[in-house]
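1. got a predicted structure plus its sequence, pasted below:
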Amino acid sequence: MEFDNATLGQQARDVCGDNKQCLFDIHTTGKISIGMASKQAAESFVAFINETETAGKIMKIFTTIWFAQNCQGLLN
């Protein structure tokens, strides 16, 4: 993304790294704080998704174990 203001562009790249939402928000608004907020929101969302996926995998394991321990006689 090209910035008209080279200083703002460098600050944006320093803050955002390769986070496109962050860069876009700074480019559009001219405010570093807005970009930082969108970067934090994106990182929080990714962390939540990762936790949810992990929790889902753990739940499947526990369900399988519980079923194996408690329902063996039902299948025979």
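-> Perfect, thanks for sending it. Since this is a predicted model, take the numbers as computed values, not measurements. Numbering: from 1, shown residues only.
2. just give me the longest helix of this protein.
-> Secondary structure of the chain per DSSP state H: the longest helix is helix 32-70.
3. worst-scoring helix or strand of this structure, pLDDT-wise?
-> Comparing every helix and strand of the chain by mean pLDDT, DSSP states H and E singles out helix 72-75 as the least confident one, with a mean of 56.
4. and the longest helix of the chain, what's buried?
-> Using 16 or more other Cβ atoms under 10 Å as the test for burial, helix 32-70 gives 32, 35-36, 38-39. Where C-beta positions appear, they are placed from N, C-alpha and C, glycine not excepted.
5. for that helix, packing partners?
-> Helix 32-70 sits against helix 6-16, helix 20-29, with contacts defined as 3 or more Cβ pairs under 8 Å, 6 or more residues apart in numbering; DSSP states H and E.
6. just name the most buried of those helices.
-> Ranked by mean neighbour count under mean count of other Cβ atoms under 10 Å, the helices and strands packed on helix 32-70 are led by helix 20-29, which reaches a mean of 18.
7. relative to helix 32-70, how tilted is it?
-> With axes from the mean of the first three to the mean of the last three Cα atoms, to 10 degrees applied, the angle from helix 20-29 to helix 32-70 works out at 160 degrees.
8. stretch 27-38: how far from the chain's middle?
-> Stretch 27-38 sits 18 Å away from the centroid of its parent chain (Cα atoms, centre = their mean, to the nearest Å).
9. between the two ends of that stretch, how far is it?
-> Between the opening and closing residues of stretch 27-38 we find a distance of 12 Å, counting by Cα to Cα, to the nearest Å.
10. so for that stretch, mean pLDDT?
-> In this model, stretch 27-38 has a mean pLDDT of 96.
11. list of residues touching it?
-> Contacts with stretch 27-38, where a contact means Cβ atoms under 8 Å, 6 or more residues apart in numbering, come from 1, 3, 5, 8, 11-12, 15-16, 19, 21-23, 25-26.
12. ditto for stretch 40-54
-> Under the criterion Cβ under 8 Å, 6+ apart, residues 19, 21-22 lie in contact with stretch 40-54.
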